[in-house]
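Peer 1: Only the shape, not the letters, is given here:
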């Protein structure tokens, strides 16, 4: 007798079986999780969503003072606050995606232990809810651009501004991929979660957030590869070139970044898929 | 009837001990064995999961080769002692964790309630949480919207619906959470002991709702509970697990009977001394005369005693005091030892009527006593036994403490 079954529970997942159909069915959950993150963030605060502004604003002021004025690091000839804010806005999105997805399993174990839904929903919701934050910060950035434009500062957006959606996608994929690898590995061994907290900070200094790539090429040609092959560097450089008209980037470097990002994301998906079935036993 | 769940050779292994520096070596070994296409070296030594017995391996089989099928519309109770594998089975069926070997095939949508209020966020309002919780359980937004009024109505917390749930009393929280789950539209519903919360009225409502789901709507329910009363009320068939092995399946009454009779640990007093005043043998008996530790609420409680008295006095007494699980004395029996026998052995059988002591866990304090002179052979916490709630008048109020005895009384309606 042949029978038809809807669900088959077996010891292992197939390597690339992402259950996208399941994910699609749970799309409402994705929306609600994003909403929950957003609402829970500013509940019982007075300033509410304004906090999304305050953090990058103050960081920019401090960076302008410390790195721009005290250390006198070049800003590629751009107005310093604009230069830093561009870097911070892009970097924040990536690093928020990375750190939040890297704790998906450990932070949600209470939920995962009790009910099934496609686990991929949670990292996806992280990426999307950070998108809201990013949008608010972009607003701040554009506002600042307007202010400096009015003051007649020397910058000019270029045609590469059209690459913005691609950059956004690359950052999301990179953060998601790396985060998933780390989150999968921290279910059993917690060592990586210690690494991630200061690792992200260190990585920022290997990315062109507080200095331009041109300065590195000029001053430390022997070490420039360290910064240049960091996938986030070409994203941020391209971002600056598009919006502010200054930055060292080629289409080739962006293509390399895209390839690295895809590989990392693929690896992340495989590892995540591998771990999601049994992690409740070891977390 | 069509089969909706088919479980084949299902096993689940757990590793005991801590996960730490040592584990990575074993992980590598396991990976290497698999890479060569060999069997997992740590699974071969898996042992039956009996927590009280010391084992040689640090891998236990929490579930061991289960095979069973469930038909559509069945309400199946899963029973077993602590650690029998009930929760593990539910976790696998609800896809929270994967089996180590074997497979489960399911027809239709499955929803599980291993806990009420999973994913409730304390800062969100009741309304927001209904949507969030519903979505976590697999409902679409439109579906929740359609049932929203019914859910609120069932929960009975309408007034608080726009207040963050962190301000709720724990009872309201549970009511709201169960209400969401009760309106799930899945063909199979898995429920873990979530009814152990909420007041009696709400529990009754939940049980009623679950009965409704299985009987009226023809949906399948899997239900785990320690409350034998609600299992027998709700389920038409049952599965008895014992140390991860499927011990018995079949009609609920038969399985419950087996469960109650199945005493893996008979608490006995055995003492071979013939030189002291002491109990040689003490045990509790079921109706058919076999030793037991579990009784139905209407079973007679029979105690069989064999006492050795080497040092005979006329006033010697045997005494037994019943102690409830809070260590309060319930009552005491004193009886004279009787006329001296030739072989110094005295045997007794004490019968207490059924429907006298209420369901719960009890033990005895037993001694041989020469009042005012000497106390011989004192046993505290002896012959512990359980009276199961198998459907007394109070089964509906299973969490209220209604005392330790059922009184016999006369009531005159005037």
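Peer 2: Yep, it's here. Note that the coordinates shown come from a computational prediction; the quantities given were computed from them, not determined experimentally.
Peer 1: Which other helices and strands does the helix or strand encompassing residue B:376 contact?
Peer 2: Assigned by DSSP states H and E, residue B:376 falls within strand B:374-388. Applying 3 or more C-beta pairs under 8 Å, 6 or more residues apart in numbering or on different chains; DSSP states H and E, one finds that strand B:374-388 contacts strand B:269-270, strand B:278-285, strand B:294-296, strand B:301-308, strand B:360-370. In short, each C-beta sits where N, CA and C put it, glycine included.
Peer 1: Put together TSV for these, with distance to chain A, mean pLDDT and mean neighbour count on each row.
Peer 2: TSV is the format used below for the helices and strands packed on strand B:374-388 (distance: least, C-beta to the nearest C-beta, whole Å; pLDDT from 0 to 100; neighbours: other C-beta atoms under 10 Å in any protein chain shown):
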stretch	distance to chain A	mean pLDDT	mean neighbour count
strand B:269-270	41	73	14
strand B:278-285	39	87	20
strand B:294-296	31	86	20
strand B:301-308	40	91	19
strand B:360-370	28	88	19
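Peer 1: Dump the ones you listed to JSON lines, plus distance to residue A:276.
Peer 2: Shown next, in JSON lines, are the helices and strands packed on strand B:374-388 (distance: least, C-beta to C-beta, whole Å):
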{"stretch": "strand B:269-270", "distance to residue A:276": "52"}
{"stretch": "strand B:278-285", "distance to residue A:276": "49"}
{"stretch": "strand B:294-296", "distance to residue A:276": "41"}
{"stretch": "strand B:301-308", "distance to residue A:276": "51"}
{"stretch": "strand B:360-370", "distance to residue A:276": "40"}
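Peer 1: For residue A:31, find the nearest of those strands.
Peer 2: strand B:360-370 (48.4 Å; C-beta to C-beta).
Peer 1: In its sheet, which strands sit next to the closest one, and in what direction?
Peer 2: When sheet partners are counted by DSSP bridges, strand B:360-370 sits next to strand B:317-324 (antiparallel), strand B:374-388 (antiparallel).
Peer 1: surely residue B:218 meets residue B:75?
Peer 2: No - applying C-beta atoms under 8 Å as the test, residue B:218 and residue B:75 come out as separate, 10.8 Å apart.
Peer 1: So between those two, which is more surrounded?
Peer 2: residue B:75 (25 against 12; other C-beta atoms under 10 Å in any protein chain shown).
Peer 1: how about that one, phi and psi?
Peer 2: With angles defined as degrees, to the nearest 10, residue B:75 sits at phi -110, psi 110.
Peer 1: give me every residue that touches it.
Peer 2: B:210, B:211, B:214, B:215, B:220, B:221, B:223, B:234, B:235, B:236, B:237 (C-beta atoms under 8 Å, 6 or more residues apart in numbering or on different chains).
Peer 1: Please repeat the previous calculation with a cut-off of 7 Å.
Peer 2: Residue B:75 makes contact with B:214, B:221, B:223, B:234, B:235, B:236, according to C-beta atoms under 7 Å, 6 or more residues apart in numbering or on different chains.
Peer 1: Residue A:174 contacts residue A:94, doesn't it?
Peer 2: Yes - contact criterion C-beta atoms under 7 Å: residue A:174 and residue A:94 qualify, at 6.4 Å.
Peer 1: Counting neighbours around each, name which of the two comes out higher.
Peer 2: Per other C-beta under 10 Å, whichever of residue A:174 and residue A:94 has more neighbours is residue A:94, with 27 against 24.
Peer 1: Would you map the helices across chain B?
Peer 2: Counting by DSSP state H, chain B has helices at residues B:21-35, B:86-93, B:126-136, B:141-155, B:170-182, B:200-215, B:228-234, B:252-261.
Peer 1: which stretch among the ones you listed comes nearest residue A:153?
Peer 2: That would be helix B:126-136 among the helices of chain B, by C-beta to C-beta, at 44.5 Å.
Peer 1: what angle do that closest one and helix B:141-155 make?
Peer 2: 120 degrees (axes from the mean of the first three to the mean of the last three C-alpha atoms, to 10 degrees).
Peer 1: Give me the buried positions along helix B:126-136.
Peer 2: B:126, B:127, B:128, B:129, B:130, B:131, B:132, B:133, B:134, B:135, B:136 (16 or more other C-beta atoms under 10 Å in any protein chain shown).
Peer 1: Chain neighbours aside, what residue packs nearest to the first one?
Peer 2: For residue B:126, the nearest residue in space outside its immediate sequence neighbours is residue B:161; the separation is 4.4 Å by C-beta to C-beta, 6 or more residues apart in numbering or on different chains.
Peer 1: for residue A:185, same thing?
Peer 2: residue A:192 (5.2 Å).
Peer 1: cool, and residue A:93?
Peer 2: Per C-beta to C-beta, 6+ apart, closest to residue A:93 is residue A:134, 4.3 Å.
Peer 1: Contact residues of chain A facing chain B?
Peer 2: A:5-11, A:28-29, A:32, A:36, A:39-40, A:43, A:111-117, A:188, A:277-278, A:280-282 (C-beta under 7 Å from any C-beta of the partner chain).
Peer 1: Point out where the stretch 151-283 of chain A drops to low pLDDT.
Peer 2: Residue ranges of the stretch 151-283 of chain A with pLDDT under 70: A:283.
Peer 1: Relative to residue B:99, how far out is the residue in it positioned nearest to chain B?
Peer 2: As assessed by C-beta to the nearest C-beta, chain B sits closest to residue A:277 within the stretch 151-283 of chain A, at 3.9 Å. Using C-beta to C-beta, to the nearest Å, residue A:277 is found at 9 Å from residue B:99.
Peer 1: Of the two, which one has the most company?
Peer 2: Using other C-beta under 10 Å, the more surrounded residue of residue A:277 and residue B:99 is residue B:99, with 27 against 19.
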